[in-house]
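Asker: Kindly generate the corresponding structure for this input.
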Amino acid sequence: MIQIKSAKEIEMMRRACAITAAARALAGKLIAPGVSTSEIDKAVHDYIVMQGAVPSFLNYNGYPKSICISINDEVIHGIPGSRVVEEGDIVSVDVGAFIGGFHGDCAATFIAGEADESVKRLVEVTRQCFFEGLRFARPGYRVSDISHAIQIYAESFGYSVVRDYVGHGVGAKLHEDPQVPNFGKPGHGPRLIPGMTLAIEPMINMGEPNIRLLSDGWTVVTADGKPSAHYENTVLITNGEPEILTVVDGKC
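Answerer: Numbering: from 1, shown residues only. Next comes the predicted model:
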């Protein structure tokens, strides 16, 4: 069942999402050649806790860390550890924070140092895919109108959309109805209503859409070994323009 948030619940979500967005920004500042993924995870964990919140991902279905860090051909759910970021890596960070009974959820892909132009374009297009979908995140449209816009934009650059993992509703639970795929025909799925809160998150591959799960049971990689990028924000459906909740200092 889709949960429509009250005005009070939306205010609580704004609080959770502000912490989440600031944690994402902190991770982005830390990403550089020579830093380990465990260092980034610890810094973000400490920041979230200092704000009085709890990392949403820690122990979620057994996930062992506070954030997900996925590098190069890793699509999502990379587990922080001893791996050291190298020059030219593209590093996707997925973050959630829980406070006051509600979650925020957001992600972004950052570039460590200098990278090939082809990789830079993948990161830029993936981010823009979110905003292409956001144009349809308003009353009168359906969930698949968001999905279709993301798919069309990504494929216009020769990229592919991950189909095995999708966006979702978010609120009192980290994953709520409805699912928000990044592909599909327009005009399908639930109709968008003010008070819905959605985690819209394009996951875009440079090569084929096929993925595989590594032996750790979490890390998802592209089947062809080509890079992947990820961008996500928590979005509120309003009576007019959609509101991105995962912003800090007006940026997302």
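Asker: contacts for the lengthiest helix in the chain?
Answerer: Ranked by number of residues, the top helix in the chain under DSSP state H is helix 7-30. By Cβ atoms under 8 Å, 6 or more residues apart in numbering, the residues outside helix 7-30 that reach it are 5, 39-40, 43-44, 47-48, 51, 53, 56, 67, 69, 93, 95-108, 110, 171, 195, 197, 234, 236, 245-248, 251-252. Every residue, glycine included, has its C-beta placed from N, CA and C.
Asker: now swap in stretch 69-77 and tell me
Answerer: In contact with stretch 69-77 (Cβ under 8 Å, 6+ apart) are residues 27, 37, 40-41, 63, 68, 78-80, 83, 85, 89-94, 162, 165, 203, 205, 211, 218-222, 225-228, 230.
Asker: now do stretch 236-252
Answerer: Stretch 236-252 has contacts (Cβ under 8 Å, 6+ apart) with 5, 10, 13-14, 17-18, 20-22, 24-25, 104-106, 134, 137-139, 192-198, 232-235.
Asker: Once you drop chain neighbours, what's closest to residue 6?
Answerer: residue 195 (7.4 Å; Cβ to Cβ, 6 or more residues apart in numbering).
Asker: Please disregard the earlier target; I meant residue 198.
Answerer: That would be residue 235: by Cβ to Cβ, 6+ apart, it lies 5.1 Å from residue 198.
Asker: Sketch out the low-pLDDT regions of the chain for me.
Answerer: In the prediction, the chain carries no residues with pLDDT under 70.
Asker: can you pull the contacts of the residue nearest to residue 170 when sequence neighbours are not counted?
Answerer: Nearest non-adjacent residue to residue 170, counting by Cβ to Cβ, 6+ apart: residue 199, 4.5 Å away. By Cβ under 8 Å, 6+ apart, the contact list for residue 199 reads 105, 106, 167, 168, 169, 170, 180, 232, 233, 234, 235.
Asker: Residue 199 sits in which helix or strand?
Answerer: strand 197-200 (DSSP states H and E).
Asker: and after that strand, which helix or strand comes next?
Answerer: Once the chain leaves strand 197-200, the next helix or strand it forms, by DSSP H and E, is strand 203-205.
Asker: Paired strands for the following helix or strand past that following strand, with orientation please.
Answerer: The first helix or strand that comes after strand 203-205 along the chain, using DSSP H and E, is strand 211-213. Applying DSSP bridges to the sheet, strand 211-213 is found paired with strand 220-222 (antiparallel).
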